[in-house]
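Student: using only what follows, build the 3D model:
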Amino acid sequence: METMQKKIQKIQNEITLLQSQQKTSQDDNYSVLSQLEERLKKTTEEADMYENSYKEISKTLEDLKSSVENLFKKINCDATKILVQLGETGKITDTNLSQYFAIIERKTNDLLLLESYKRILEMEGAEAENPPLFANPFWGGAAVLKNAEALKVLPPVFGSDPFSDRLDEVDQPLDHSSLRQMVLSHNTMRESRRDFSWAASLKRGTT
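Tutor: Numbers count the residues shown, from 1 in each chain. Predicted coordinates:
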């Protein structure tokens with residue numbers, strides 16, 4: 001009988017141990033499950049954030065491509081090179097957007113150079129219409145000023161604009177450096193002719 005009681009007690013102890021181990025295992029499983037649920041929640045929040053950011057960036061990029069296309073057409077840029085290289089249909093894409101930017105930059109530089117040349121011509125025209133006062137020491141000293149209009153300085157007259165003629169002779173679009181060099185050389189030639197005309201007029205005025 002005592003032996004049987006010992007066996008019963010041993011079995012009861014094993015049952016209690018198993019119940020304790022089962023509870024510990026359940027607690028561990030619950031803890032792991034809670035950690036996984038928390039990680040899933042954070043991952044979902046990050047995915048939603050990235051998705052919203054992607055939508056905003058995509059919208060900004062579409063607006064940018066639309067603005068680039070409008071500007072490209074407004075300033076009459078030539079997209080032939082892009083069409084030849086990429087086989088595109090003229091539509092701005094994420095792939096060729098940077099090349100469109102490069103063409104717009106070159107076109108902008110050309111327009112700025114042409115605007116500078118236009119202003120130079122306007123300034124030269126204003127100087128020809130209102131020549132500066134000239135002090136002749138033979139008229140009684142430097143304090144006596146006489147208007148240079150008496151010299152009747154006539155600016156050289158060209159049948160057409162040489163600079164425009166040179167642009168028309170070019171078969172292909174000029175890059176920034178070539179157009180700049182053309183403007184500088186043309187301005188140098190005009191300055192030389194004007195100085196020569198002014199010197200000749202002064203010489204006639206003193207004789």
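Student: any idea which helix or strand in this protein has the lowest mean pLDDT?
Tutor: helix 162-169 (a mean of 56; mean pLDDT, DSSP states H and E).
Student: in this structure, which spans are helices?
Tutor: With DSSP state H, the ranges of helices along the chain come out as 2-74, 80-86, 97-129, 162-169, 176-206.
Student: which of those helices has the lowest mean pLDDT?
Tutor: For the helices of the chain, mean pLDDT drops lowest on helix 162-169, to a mean of 56.
Student: and residue 112, how many neighbours?
Tutor: 13 (other Cβ atoms under 10 Å). Yep, even glycine has a C-beta here, placed from its N, CA and C like the rest.
Student: state the distance from it to residue 118.
Tutor: Applying Cβ to Cβ, to the nearest Å, the value for residue 112 to residue 118 is 11 Å.
Student: now swap in residue 111 and tell me
Tutor: For residue 111, the distance to residue 118 - Cβ to Cβ - is 10 Å.
Student: and residue 107, by the same measure?
Tutor: 16 Å.
Student: neighbour count winner among the two?
Tutor: More neighbours surround residue 107 than the other of residue 107 and residue 118, with 18 against 10 (other Cβ under 10 Å).
Student: and for that one, nearest residue in space, chain neighbours not counted?
Tutor: Counting by Cβ to Cβ, 6 or more residues apart in numbering, residue 107 lies nearest to residue 77, which is 4.9 Å off, once chain neighbours are set aside.
Student: ok, the one you found touching residue 104?
Tutor: Yes. Between residue 77 and residue 104 there is a contact under Cβ atoms under 8 Å: 6.1 Å.
Student: the more surrounded of these two?
Tutor: residue 77 (18 against 15).
Student: tell me how the chain divides into domains.
Tutor: 2-65, 110-206 (automatic domain parsing).
Student: OK, contacts around residue 97?
Tutor: Applying Cβ atoms under 8 Å, 6 or more residues apart in numbering, we find residue 97 in contact with 64-65, 68.
Student: okay if I get the residues you listed as JSON lines plus neighbour count and distance to residue 52?
Tutor: Shown next, in JSON lines, are these (neighbours: other Cβ atoms under 10 Å; distance: Cβ to Cβ, whole Å):
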{"residue": "64", "neighbour count": "13", "distance to residue 52": "19"}
{"residue": "65", "neighbour count": "17", "distance to residue 52": "21"}
{"residue": "68", "neighbour count": "17", "distance to residue 52": "25"}
